[in-house]
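Peer 1: build me a structure from this.
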Amino acid sequence: MSEISYYSEAGLRKLKDELLQLEQVERPRVTQEIADARDKGDLSENAEYHAAKEEQSHLEFKIAKLKNVISNARILDESQLDTTKILIHSKVKIKNTANGMEFAYLLVADSETDVRNGKLSVNSPIGKGLLGKKVGDVAEIQVPNGIMKFEVVAISR
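Peer 2: Got it, this is the predicted structure:
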């Protein structure tokens, strides 16, 4: 059973562009590699042929997975969201209560995650722990090293 995921227009466009690249560029390239390797003779001992077939298998799996994600993707109308609590696509500023360090994140769908650029998955432990919180709330989040406490400093869109 597939889960519905929410994306920004740009995030969904990026997924569709990646699918187009895989279907229209990568798939024909791999098909040509298979044909070229097949022309070289005995397939039972042809490493190029087996490598190309394996690459084709991985590519088809990736295409199928991406199609599934896209078919279950929904564009989020951010104008309809409550800005007083943390939801997907919320920009949050949090403070670690143990050391006072502050962090800013944009909560996004799994495929848009890019922690180095401040995009945190809503399905990550911290993302899940922050959902529904309001400014001033303290979220106690179970992470591999134990429980961390984060105070919500600001929420925006």
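
Peer 1: then stretch 108-116 to CSV, C-alphas only?
Peer 2: These are the backbone C-alpha positions of stretch 108-116, laid out as CSV (Å, rounded to 0.1, in the frame of the first residue of the first chain):
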residue,chain,number,x,y,z
VAL,A,108,9.8,18.4,3.4
ALA,A,109,8.8,15.1,1.9
ASP,A,110,11.4,12.3,2.0
SER,A,111,12.5,12.7,-1.6
GLU,A,112,13.1,16.4,-1.1
THR,A,113,15.4,15.9,1.9
ASP,A,114,18.7,17.8,1.8
VAL,A,115,19.9,18.3,5.4
ARG,A,116,23.0,20.3,4.2
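
Peer 1: buried stuff in that stretch?
Peer 2: For stretch 108-116, the neighbour count (16 or more other CB atoms under 10 Å) marks 108-109, 111-113 as buried. Placement of C-beta: from N, CA and C, glycine included.

Peer 1: can you check stretch 85-95 too?
Peer 2: Those buried within stretch 85-95 under the rule 16+ other CB under 10 Å are 85-90, 92, 94-95.

Peer 1: and it, how far from the chain's centre?
Peer 2: Relative to the chain's own centre, stretch 85-95 is displaced by 17 Å; criterion: CA atoms, centre = their mean, to the nearest Å.
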